[in-house]
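J.: any chance you could fold what I've pasted below:
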Amino acid sequence: MKPTLSLSLQFADKRHRDQLPRHKVARWLKAALESDAELTVRIVDAEEGQALNRDYRQKDYATNVLTFDYTQEPVVMADLILCAPVVEREAQEQHKDLVAHYAHMLVHGALHAQGWDHLEDDEAQAMEQREREIMAALGFDDPYATN
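T.: Next up is the predicted model:
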């Protein structure tokens, strides 16, 4: 049985709202879920992204995605914060489609919410391989391929 998803989608930064319709965001997240989940996805500007990264990770810059995971069982509960200007800049620098990069960041964040990590090399390889599989199943190119 496929996992269920309760999704709250928020746009504090509305610049990419039309590229992130709720049904697509839900589809991308569901593809990464191994159990039922209650997720909030918040698209933020650089100021909010930097403040959250600074306050919770002690890193004073905006990053592409932050995952605040609260529980993993019996239901995954997490907030995924995506910083619109960072995601947009990375997509341009890496010559990637913006929507594909958002999909990848959502998949990446959803995996973090379920306990996946990439601090150690073996963890990183396993997580990246899982991301490749999910993205391929969704019809996207390998997010780690170099252009």
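J.: could you pull out the helices in the protein for me?
T.: Here the chain has its helices, by DSSP state H, at 22-32, 46-57, 84-93, 98-113, 121-137.
J.: among the ones you listed, single out whichever gets nearest to T146.
T.: Checking these against T146 by C-beta to C-beta gives helix 84-93 as the closest, at 12.0 Å. For every residue, glycine as well, the C-beta is placed using N, CA and C.
J.: okay, the angle between that closest one and helix 46-57?
T.: Interaxial angle of helix 84-93 relative to helix 46-57 (axes from the mean of the first three to the mean of the last three C-alpha atoms, to 10 degrees): 100 degrees.
J.: which other residues reach helix 84-93?
T.: Helix 84-93 is contacted by residues 13, 15-16, 43-46, 49, 62-65, 96-98, 100-102, 105 when judged by C-beta atoms under 8 Å, 6 or more residues apart in numbering.
J.: neighbours of the closest residue to D141 other than its chain neighbours, how many?
T.: Leaving out its chain neighbours, the residue that sits closest to D141 by C-beta to C-beta, 6 or more residues apart in numbering is A100, at 6.8 Å. Residues within reach of A100, counting by other C-beta atoms under 10 Å, total 16.
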